[in-house]
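K.L.:
Just a sequence and a predicted model for now, questions to come.
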Amino acid sequence: MDAGIHSIDCDIHPSIPGTKALMPYLEEHWRDHLSFRGIDDVELTYNAYRNPFSCRPDWRPPSGKPGGDPSQVLEQALDAFGASIGILNPLWGGPVVYADDMAFALCHAANDWIAATWLDRDPRLRASMLVPFESPELAAEEIEHRARDPRFVQVLLLAMTEAPLGRRHYWPIYRAAARAGLPIAIHAGTGYRNPPTGIGWPSTYVEDYAAQTGGFQTQVLSLMTEGVLTKFPELKVVLVESGVAWLTSFLWRLNKTWRGVRIEVPWIKEAPAEILRRSLRMTIQPLNAPKGEEQVRRMLDHIGGDHMLLFSTDYPHWHFDGGDAMPPGLPAALHRKIRLDNPLETYSRLTETLQ
Amino acid sequence: MARFVVAKVGEIPRGEQKVVRVKGREILLLNVDDEYAALLNRCPHEGAKLLCGARVGLLESDEPGRFSYTRQGEFLRCPWHGWEFEIRTGQSWCDPKDTRIKNYDVKIEPGESLAKGPYVAESFPVHVEDSYIVIYL
């Protein structure tokens, strides 16, 4: 391994300007279609970029979307935190457009645009590929195509989807990802095909954001019980901007319930927590953990795996101030592991492209 | 180790069980294909009486969507929380190392040998011409 590589930021958000910028990468009929219908800004309502929380004040550009200028992102997200490699996770509406073919075309074009505008610009950058995940066959097609570019290191999904991600309908995505050696990233967010809670629509932003935990839990639960993680044991699932500490009691609850009704899912042959410790990874911003090193250490003991944590700034989202992205309380002895060893173990493509 | 005569062979049909009392303990005596097992009638989890549990087989799977159901009657499912136990060993299926039902050695012995003693048959008449289920405790 290159001795110069010492820190990998696993969650940086570039913004995609709009479909006008993607025109060179779209087929002619889509260029006509999108212009005719005036479809330009395809942002996720979930990730409204004017929302203060979506960009730390000192990172907000004077105009335009946060994370829109590659040179600014390189300076503020990589240089400022000493990251040798940064993984771009574009949070964008293309993947959740209802029209399957348009979603596919937009994802395909956006991936081309990311490669040309960002990845070609700086060798430190990598990206997650956008896929039309509600059309799993088309998503698999994009995965197979995009996997040829080793700078795309994982497949990006959202925490809230049309149905739980473990359902067999979605399996073409996992089959293609596993075949290409790509992890699946599940990022906080939703295309609002369902309310963000199982009870119905909340009134406030705070509910919408905090309820993402329920989305993550449902997805993890579904991927585990439906057998995705046992059918594709080599598949890593990275939870991004998920928070971390909630996993503790969730694992206890899962293990206990499995003992009672494991006959529903006989393909689960060991305690669910063991399967999840093997397959899951989580980015550290935000950590959402108790204060103090002793408490954080205890939380990590409960989770049972400091191998699961991946360094991230979640740039430009506003989770912390100042110049230290490592959440307080994470023992210093683990920093190297979180910054470097764990990301390299999770993303085998990083090692391949660095050598 | 004392021997306790607890039942007559033939008294518990295949796939059935009964509770016997030995030295104040409730012991569940189970017939699995005419072999016998003796387990404490108490789930190690929260103490449910296992006599009320279902006799079930073992459901396994090689991959999602495939089911293999074998060894019918060789497992006991606790009536309270559904934990499954292998009757022959008392081991739980989900946590065999740390969660198991206390089990006891059990043998079939002819009445003739038992009549010679020493044995304890709590108000249990022994006839030389029959065979008996004996628990070692």
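P.N.:
Okay, I see it. Numbering: from 1, shown residues only, chains lettered A, B, ... in the order given.

K.L.:
C-alpha only now, for contacts and for neighbours.
P.N.:
OK.

K.L.:
can you count the residues close to residue 113?
P.N.:
Going with chain A. Neighbourhood size, A:Trp113 [other Cα atoms under 10 Å in any protein chain shown]: 19.

K.L.:
That was the other one, I meant chain B.
P.N.:
Neighbours of B:Ser113 under the rule other Cα under 10 Å: 12.

K.L.:
Just list the residues touching it, thanks.
P.N.:
Contact partners of B:Ser113, counting by Cα atoms under 8 Å, 6 or more residues apart in numbering or on different chains, are B:Val128.

K.L.:
helix or strand for it, which one?
P.N.:
Using DSSP states H and E, B:Ser113 sits in helix B:111-115.

K.L.:
A:Leu276 too?
P.N.:
Assigned by DSSP H and E, A:Leu276 belongs to helix A:272-279.

K.L.:
Can you name the residues of chain B sitting close to chain A?
P.N.:
Taking Cα under 8 Å from any Cα of the partner chain as the contact definition, chain B meets chain A at B:Leu59, B:Glu60, B:Ser61, B:Asp62, B:Glu63, B:Pro64, B:Phe67, B:His81, B:Gly82, B:Trp83, B:Glu84, B:Cys94.

K.L.:
Next up, the contacts around the fourth one.
P.N.:
In this case it means B:Asp62. Contacts here follow Cα under 8 Å, 6+ apart; on that basis B:Asp62 touches A:Trp267.

K.L.:
you'd agree it is in a helix?
P.N.:
No: secondary structure of B:Asp62 (DSSP: H, G, I helix; E, B strand; the rest coil): coil, not part of a helix.

K.L.:
what does the stretch 251-355 of chain A put close to chain B?
P.N.:
Counting by Cα under 8 Å from any Cα, the stretch 251-355 of chain A sits next to chain B at A:Arg259, A:Gly260, A:Val261, A:Ile263, A:Val265, A:Pro266, A:Trp267, A:Lys269, A:Glu270, A:Ala271.

K.L.:
For A:Lys231, state which of the residues you listed is nearest.
P.N.:
Nearest to A:Lys231 out of those is A:Trp267 (Cα to Cα; 8.8 Å).

K.L.:
any idea which helix or strand carries the closest one?
P.N.:
Assessed by DSSP H and E, A:Trp267 sits outside every helix and strand.

K.L.:
State the mean pLDDT of stretch B:27-47.
P.N.:
For stretch B:27-47, the mean pLDDT works out to 97.

K.L.:
Output that stretch as PDB - backbone C-alpha positions only.
P.N.:
Output of stretch B:27-47 as PDB, limited to C-alpha atoms (Å, rounded to 0.1, in the frame of the first residue of the first chain):
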ATOM      1  CA  ILE B  27     -39.000 -34.400  35.000                       C
ATOM      2  CA  LEU B  28     -40.400 -34.700  31.500                       C
ATOM      3  CA  LEU B  29     -40.000 -38.200  30.200                       C
ATOM      4  CA  LEU B  30     -40.200 -38.300  26.400                       C
ATOM      5  CA  ASN B  31     -40.500 -41.200  23.900                       C
ATOM      6  CA  VAL B  32     -38.600 -40.500  20.700                       C
ATOM      7  CA  ASP B  33     -38.900 -43.500  18.400                       C
ATOM      8  CA  ASP B  34     -39.000 -45.800  21.400                       C
ATOM      9  CA  GLU B  35     -35.900 -44.300  22.900                       C
ATOM     10  CA  TYR B  36     -36.400 -42.300  26.000                       C
ATOM     11  CA  ALA B  37     -35.100 -38.900  27.100                       C
ATOM     12  CA  ALA B  38     -35.500 -37.300  30.500                       C
ATOM     13  CA  LEU B  39     -35.500 -33.500  30.700                       C
ATOM     14  CA  LEU B  40     -36.200 -31.100  33.500                       C
ATOM     15  CA  ASN B  41     -39.700 -29.800  32.900                       C
ATOM     16  CA  ARG B  42     -38.500 -26.300  33.000                       C
ATOM     17  CA  CYS B  43     -37.300 -24.100  30.100                       C
ATOM     18  CA  PRO B  44     -33.900 -22.600  30.900                       C
ATOM     19  CA  HIS B  45     -35.000 -19.300  29.500                       C
ATOM     20  CA  GLU B  46     -37.800 -18.200  31.800                       C
ATOM     21  CA  GLY B  47     -39.100 -21.400  33.400                       C
END
